[in-house]
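> take a look and give me a structure for this.
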Amino acid sequence: MTNILFTAPTEDLGNYYLTKSYLEYIQWQLLDIETFTTYASKAEMTTRYGEMIDRLDTLEKLIPHAYCFKDSNLGIYGDALKVMNTHTINYHKNIANQSRDCLLPKPDDEISKGDLDFMKSSIKKWQGYKRYLPFDHYENKLLDSAILSTKAFLKGFFDDSNCFKLGQEYSMQAMDKIEDLYQFIATNKNFEDEYSSLNILNQVSAEDREEFEVFLSLHLKMIACIYRENNMQYKIFISLCVDIDNLSKAEVDVMINYTESVALNLAQASASTAESSLALIRKIFDLAGYELPEIKMFFPPMESDEISLSAEHDYLHNLLLNS
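This is a model prediction of the structure:
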């Protein structure tokens, strides 16, 4: 299998990034809807149900529009994008099914076979997409983190043994990948070429370092949000590994409160990831001379820039300063 051509900034490479980013623009909106149906109250879901179904219908119609960018679907670029396009279609089907049934009564811890099958197929799609990337491309680490995080969820909760320890280990490995990515991306040639290729499409100079720093900071913010999500998942597994049979009632109550607090933080981390990713994609299109509209999120974070105040952000920033 041939890797995508990342040898130099080109117009074709820029169009590939636009097509890929447009599909991701749809995926992050789907994540927002997924977070909404997972964490919002029944009253909130009832109020916005019609709006949510309309959004899903709109997103389904938008998927083919990703291929309107010139030459993005040719040769090796097209082969790689087919993998992402298929994943986007499957993700939409999964979230549409999940959303249409969100008002029906069901146990809090129930997850459908369709959801499990989608998570397993997502791992295969991410692994398939990685085959098109050069081994030193920064996105490999992002995909590895997504694969490990999903494995943590599947192994931790849905293996026959409910192996919380294994979920904890996979979550930690996912965080390790993100730590590497945070330190690696700023000096990665593929990242610089991405920025330059987008500027070629807009026929402007790629020498504007101030714009590049904005582009980089949006990536770092998104990466920090993903790291925080993984950390919340890791903390949930830590709490589930505690043997409550050896705890007093007061200690059990403390543990329950801790787990519920972490779950709420996980919801906010997921919302921040979607918000920061959508902002990044709008910037990608802006650099190429296009405009994507602001969207009204279904589950926005309570504080728009909360990630910059988090312990996870401080930790990653210190890693970067000391690398």
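> off-centre distance for the helix ranked longest in the chain?
Secondary structure of the chain per DSSP state H: the longest helix is helix 249-287. Taking CA atoms, centre = their mean, to the nearest Å, the mean C-alpha location of helix 249-287 is offset from the chain mean by 12 Å.
> for the stretch 151-300 of the chain, give me the ranges with low pLDDT.
Where the stretch 151-300 of the chain drops to pLDDT under 70, the residues are 159-162, 205-207.
> can you give me the helices for it?
All helices of the stretch 151-300 of the chain, identified by DSSP state H, counting those that start in this stretch, fall at 164-184, 189-201, 209-240, 249-287.
> now distance to residue 77 and mean neighbour count too, for the ones you listed, in TSV please.
Heads up, the C-betas are built off the backbone N, CA and C, glycines and all. As requested, those are exported to TSV (distance: least, CB to CB, whole Å; neighbours: other CB atoms under 10 Å):
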stretch	distance to residue 77	mean neighbour count
helix 164-184	23	20
helix 189-201	12	20
helix 209-240	21	20
helix 249-287	16	18
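> and those as TSV, adding distance to residue 303?
Output for those, formatted as TSV (distance: least, CB to CB, whole Å):
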stretch	distance to residue 303
helix 164-184	21
helix 189-201	28
helix 209-240	12
helix 249-287	8
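> so which of these is nearest residue 106?
helix 249-287 (17.5 Å; CB to CB).
> which secondary structure elements does that closest one contact?
helix 11-39, helix 189-201, helix 209-240 (3 or more CB pairs under 8 Å, 6 or more residues apart in numbering; DSSP states H and E).
> again, only using 6 Å
helix 11-39, helix 209-240 (3 or more CB pairs under 6 Å, 6 or more residues apart in numbering; DSSP states H and E).
> check which element follows it along the chain.
Next along the chain after helix 249-287, taking DSSP states H and E as the criterion, comes helix 311-322.
> dump the helices and strands packed on helix 249-287 into JSON lines; add distance to residue 82 as well.
Formatted as JSON lines, those follow (distance: least, CB to CB, whole Å):
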{"stretch": "helix 11-39", "distance to residue 82": "11"}
{"stretch": "helix 209-240", "distance to residue 82": "25"}
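> quick one: closest of those helices to residue 118.
helix 11-39 (10.6 Å).
> helix 189-201 and the closest one, what's the angle between them?
110 degrees (axes from the mean of the first three to the mean of the last three CA atoms, to 10 degrees).
> what are the buried residues along helix 11-39?
12-37, 39 (16 or more other CB atoms under 10 Å).
> that helix - contacts with which helices or strands?
So helix 11-39, by 3+ CB pairs under 6 Å, 6+ apart, packs with helix 42-62, helix 75-100, helix 189-201, helix 249-287.
> with adjacent residues omitted, what lies nearest to residue 236?
Take residue 236 and drop its neighbours on the chain: the residue closest to it by CB to CB, 6 or more residues apart in numbering is residue 262, 5.4 Å away.
> so who does that neighbour touch?
For residue 262, the contact set (CB atoms under 6 Å, 6 or more residues apart in numbering) comprises 232, 235, 236.
> with residue 55 as the reference, measure out to the first one.
To tie it back to what came earlier, the one meant is residue 232. 26 Å (CB to CB, to the nearest Å).
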